[in-house]
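> sequence and predicted structure, then a few things I'm wondering about:
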Amino acid sequence: MTNVEMRRADGNRRGVALIALAVLSASVIWWLIALPVLGGQKAAAHARHYPHVYAHALGGTGMLFLGAAALYVGLTRRFFRWHRWIGGLYLGLGALGAGMGLALSIMSPHPLPGVGVATGVLALAWLAVAAMAWRAAHNKRFDSHREWMVRSYVLTWTFVFCRMVMQMPAAIAASPDVIVAIIWASWITPLLGCEIALQWRAGARV
């Protein structure tokens, strides 16, 4: 095995480990947050906008788990004949989840100044990044497609990160301004870290 192949294998192992960690953390938050919505337990709490919340939770479920599956298949090349279908479902359900998230941000059913802007911009960012991933695949620019898909899934997973942070006692007791800052930071920070990781080799010594 050449040095290049060894580095690629090491990178693949790290990627699989990160995907597994993302799925594990997503499963916990999905169980706590999304499942009660999908099961109807939260219908009364969202009575006036429950269809939007339900569609958002349904789309978000597809985003979290199909996105991880698409990345795993693309990275390992296992079950690769299903990659296009899994990725297509991820983008389709993701568009539903992000679209409903944007609608809820505009509706602001539970007003907290600034939250709708933070979540609405996140939804728009996901839609833009997902569109770039689809465009790259359509034009057979698969290296670019892979990077845009990674960015899109990082934005998807930031929902999990935000919910994890918001469960901390300090966040629960925080002022509205701090909560809004947490929401912004919970998706901008992982996206920035993702971008540095994706571009790291581009700035390495030749």
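Noted; the coordinates are in hand.

> what are the buried residues along stretch 62-80?
Judged by neighbour count (16 or more other Cβ atoms under 10 Å), stretch 62-80 contains these buried residues: 62-75. Where you see a C-beta, it was placed from the backbone N, CA and C, and this is true even at glycine.

> tell me the one of those nearest Ile106?
Of all these, Met63 has the smallest distance to Ile106: 19.7 Å, by Cβ to Cβ.

> against Ala57, how distant is the closest one?
As judged by Cβ to Cβ, to the nearest Å, Met63 and Ala57 stand 10 Å apart.

> hey, what's in contact with both of those two?
Gly97 (Cβ atoms under 8 Å, 6 or more residues apart in numbering).

> where does the prediction get shaky in the protein?
1-9, 11, 109-111, 206 (pLDDT under 70).

> swap the cut-off to 90 and go again
Across the chain, residues meeting the criterion (pLDDT under 90) sit at 1-15, 44-49, 77, 107-116, 163-179, 200-206.

> quick check, central residue of it?
Residue closest to the mean C-alpha point of the chain, counted by Cα atoms, centre = their mean, is Thr156 at 0.7 Å.

> let me know the helix or strand that that one is in.
Of the helices and strands defined by DSSP states H and E, Thr156 is found in helix 142-166.

> for that helix, which helices and strands make contact with it?
Here helix 142-166 is seen to pack against helix 3-29, helix 50-76, helix 83-107, helix 115-138, helix 176-199 when contacts are counted using 3 or more Cβ pairs under 8 Å, 6 or more residues apart in numbering; DSSP states H and E.
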